[in-house]
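In: Here is the input, now give the coordinates:
(2 chains)
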Amino acid sequence: MKAAERLDLTFLALADPTRRAILSRLATGEASAGELAKPFDISQPAISRHLKVLERAGLISVGQDAQRRPRRLEEKPMREAEAWLERLRSIWEANYARLDALLAEMQSPAAGKSKKNATRKRTRRSS
Amino acid sequence: MNQLSNLKVETPSDREVRVIRNFKAPAQLVWDAHTKPELLRKWMHGMDGWSLPVCEMDVRDGGAYRWRWRNDDDGQEMGFFGKYIEVAPYTKLVYEQHYDPGSLGIPMTSESAIITTEFAESGGSTTMTVTMRFASKEERDAAVATGMTDGMEQSYQRMDALLAG
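Out: Residues are numbered from 1 along each chain as shown, chains lettered A, B, ... in the order given. Below is the predicted model of the structure:
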């Protein structure tokens, strides 16, 4: 599976409050499907469907115990999603840092005296 | 890159993401930097190593814009396009935004988002608030990741640290 497809599955899985609550519960330790269903006012089949979506995204895995089938949290996809967000944030910040520099330049005395010159200078510097 | 902690990211509703950033300049200059193509191209490079070769903007109510970024190494492209909905000089800029995956093909949003940028000047500096309203909660989450909302306490805390810079 490509990284982008995996991210799609992760975000799809995370876009539901019940599934996020399930992950939140699993963050405190593994639990069976029955234990996970308890706090929610929804049917066992509904919980199973949510668990399947989470499993497909790789956000949870099923433990060894064949009877209990405990679900546990897998952190890797979440970390990938975080890394993606971090990248998005760093893109914004890098753009705004450049804007800071540009605004400082626009306010420098040279920019005020001769707009034409300042523009030419800026163009040369940025190329 | 100073002022790292100056960038705030919030989720005011389940369809929105808000970015707040202060700039040491009057609102008019910050506005110009967002509405004049020759200025916008100087700073809105998108990702590192990318440039904004296509930057067409007809900044008036109903006017169209088109931005296309290019990776200077491999020539891959992606962009945004849409129309201006509200143009109130030096105070407020509202536009719709469609995502153009270009040759890069990274999935993001399939429906258009509404971007509202507000400029508030105080004591010579300007606080800019960018609110991105997506078509649905799912679209927003796909665009920005979900850990910022309820649940997921563990990752929430990591995210807090991340967002705090």
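
In: Give me the contact list for the strand ranked longest in chain B.
Out: Identified as the longest strand of chain B according to DSSP state E is strand B:77-88. Applying CB atoms under 8 Å, 6 or more residues apart in numbering or on different chains, the contact partners of strand B:77-88 are B:54, B:58-71, B:92-104, B:106, B:112, B:114. Backbone N, C-alpha and C define where each C-beta goes, glycine included.

In: Now list the buried members of these.
Out: The neighbour-count test (16 or more other CB atoms under 10 Å in any protein chain shown) applied to those identifies B:59, B:65, B:67-71, B:93-97, B:99-100, B:104, B:112, B:114 as buried.

In: So which of these belong to strands?
Out: Those of the buried ones among the contacts of strand B:77-88 lying in strands (DSSP E): B:65, B:67-71, B:93-97, B:99-100, B:114.

In: Can you tell me which of those is nearest residue A:103?
Out: For those, the residue nearest residue A:103 by CB to CB is residue B:93; the value is 16.5 Å.

In: Chain neighbours aside, what residue packs nearest to that closest one?
Out: Spatially, and ignoring its direct neighbours in sequence, residue B:93 is nearest to residue B:117 (4.5 Å; CB to CB, 6 or more residues apart in numbering or on different chains).

In: Wait, the one you found touches residue B:126, no?
Out: No: checked against CB atoms under 8 Å, the pair residue B:117 and residue B:126 is beyond contact range at 11.1 Å.

In: Could you check which of those two has the larger neighbour count?
Out: A direct count of neighbours by other CB atoms under 10 Å in any protein chain shown for residue B:117 and residue B:126 places residue B:126 higher, at 23 against 19.

In: Output the helix or strand containing the more buried one as CSV, restricted to C-alpha atoms.
Out: Per DSSP states H and E, residue B:126 falls inside strand B:125-133. What follows is strand B:125-133, C-alpha atoms only, in CSV (Å, rounded to 0.1, in the frame of the first residue of the first chain):
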residue,chain,number,x,y,z
SER,B,125,1.5,45.0,13.9
THR,B,126,-1.2,42.8,12.3
THR,B,127,-2.8,39.7,13.6
MET,B,128,-3.9,37.6,10.7
THR,B,129,-6.6,34.9,11.2
VAL,B,130,-7.1,32.4,8.5
THR,B,131,-10.2,30.2,8.8
MET,B,132,-10.5,27.3,6.5
ARG,B,133,-14.1,25.9,6.3
